[in-house]
Structure formats: C-alpha cells, structure tokens
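**Q** Just need the structure, nothing else, for what follows:
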Amino acid sequence: MRAGSDRIRGLSAVVTADSGYVAASTTWMPSGACQGEDPELFFPIGASGPALYQITAARAVCRRCAVTRMCLTYALETGQAGIWGGTTSEERQAMR
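**A** As a prediction, the model looks like this:
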C-alpha cells in the first residue's frame, strides 16, 4: 500500500509544480480513457469491502489514460467526488 501512497504523492508534486495546466478548462476531458466507460465505475460507494474492486477497476482505466495529470489537477482544484486522475476523494483530500 505504501507504493501507491508514494505514487500519489509524486503525482501531487508534479501536478502542483506544473503551472501549464488550467484545471478550469475541460477541453482535455474528451481525451480521457474513461470516455465510453460506465460512469458508475468512478463513483464507488465507500472505500472498503466490495468498493475496493470498483476502485481498482477505475484505477486500471486511469493507468492507460493520456490526461491523468490534468484530470487529477481538475479534481484537486474543483473538489470533485469519485475517482479522478487515479485517486480517490480521500487521497485527494490528503494532498490538499
């Protein structure tokens, strides 16, 4: 589990250091690997038990995405719920 936390901290550092992102812009969204996926996948009910399978499946989609950093930045700046940029709401809360 520590490796995942280190990855998230690393993403957070990259995202906050890259001023080239304009999170308020959503022009990157159509390029997301999540397009065409069931939106319910990215909004698990809870963070344990059966929801862990859903979180893992959503992260698998995020891992193959070309706009993960922009997605994470957007979620951090706009306070989104669910899985964004391969992170849960709780993980993003810890980044703030």
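
**Q** low pLDDT regions in the chain?
**A** 1-24 (pLDDT under 70).

**Q** what about Thr68, how many neighbours?
**A** 20 (other C-beta atoms under 10 Å). In short, each C-beta sits where N, CA and C put it, glycine included.

**Q** no, scratch that, I was asking about Phe43
**A** The burial count for Phe43: 15, using other C-beta under 10 Å.

**Q** just Leu41 next, same as before
**A** By other C-beta under 10 Å, neighbour count at Leu41 equals 16.

**Q** Same question for Thr88.
**A** Thr88: 20 neighbours (other C-beta under 10 Å).

**Q** From Met29, how far off is it?
**A** Shown here: Thr88 relative to Met29, a distance of 19 Å by C-beta to C-beta, to the nearest Å.

**Q** Cys65 - that's part of a helix, no?
**A** No. Per DSSP: H, G, I helix; E, B strand; the rest coil, Cys65 lies outside any helix segment and is coil.

**Q** Phi first, then psi, for it.
**A** phi -90, psi 140 (degrees, to the nearest 10).

**Q** now Cys71
**A** phi -60, psi -50.

**Q** ok, and the closest non-adjacent residue to it?
**A** Once flanking residues are discounted, Cys71 sits nearest to Gly85: 4.1 Å by C-beta to C-beta, 6 or more residues apart in numbering.

**Q** same deal with Arg64?
**A** Ala33 is the one closest to Arg64 (C-beta to C-beta, 6+ apart), at 5.1 Å.
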